[in-house]
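Enquirer: generate coordinates for the sequence data below:
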Amino acid sequence: MGAIIVTGIPGVGKTTVMEAAAKARNLKIAVYGSVMFEVATARGIVKARDEMRKLPSETQKQIQKEAARRIAGMGDIIVDTHCSIKTPKGYLPGLPAWVLTELEPSVIVLVEATPAEIARRRANDATRKRDEDSEAAIAEHQEYNRRFAAAYATLTGATVHTVRNNDNQVERAMQDILQVVT
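Expert: All right, here's what the predicted structure looks like:
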């Protein structure tokens, strides 16, 4: 299996689907941002996860590389991460070349839903503080994820698979992921 990367924009239900799939087949999940935070705290350079964004870019790159090495060393793993990150200055790649080189993914899974479903999920999730986006902005972000995923596949030879996580269809989405991860 190797590394399987599962991505999706905030509110799509990626983690819910991925956790259900992992539980159904006893698969390991690595949350990329959590591993980065472990690296940064071990170095004593941050105390809170949000502080990582404020580190010098070269330091962030070093942390990304080390996190990728650690995850790659975990063997067969599902990697929970972002395909692209929406910033005020545009979209950033969630998987820069140095991360892809370490992870060597065999499959990149894009979890998607309709923009209306995602907007509704975000609005109803009191546990998270997410930026408000219009349905058009949500659709744009999903489109950017597709473009980034195609670029990542070109660099790595990984396949790209899209999983629909429509409302009340978690079981179907989980089964779809399981077809490509096992």
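
Enquirer: most distant residue from the middle of the protein?
Expert: Most distant from the centre of the chain: G44, at 25.4 Å, with distances by Cα atoms, centre = their mean.

Enquirer: chain neighbours aside, what residue packs nearest to V31?
Expert: In this structure, V31 finds its nearest non-sequential neighbour in D80, 4.6 Å apart by Cβ to Cβ, 6 or more residues apart in numbering. All C-beta atoms are positioned from the backbone trio N, CA, C, and that covers glycine.

Enquirer: ugh, wrong one, I meant K28
Expert: Using Cβ to Cβ, 6+ apart, the nearest residue to K28 is I77, at 5.1 Å.

Enquirer: shouldn't that neighbour be in contact with V35?
Expert: No: counting by Cβ atoms under 8 Å, I77 stays clear of V35, with 10.5 Å between them.

Enquirer: what's the overlap in contacts for the two?
Expert: I71 (Cβ atoms under 8 Å, 6 or more residues apart in numbering).

Enquirer: could you count how many residues lie near the residue nearest to E132 when sequence neighbours are not counted?
Expert: Excluding its sequence neighbours, the residue lying closest to E132 (Cβ to Cβ, 6+ apart) is R122, at 7.6 Å. When neighbours are defined as other Cβ atoms under 10 Å, R122 has 18 of them.
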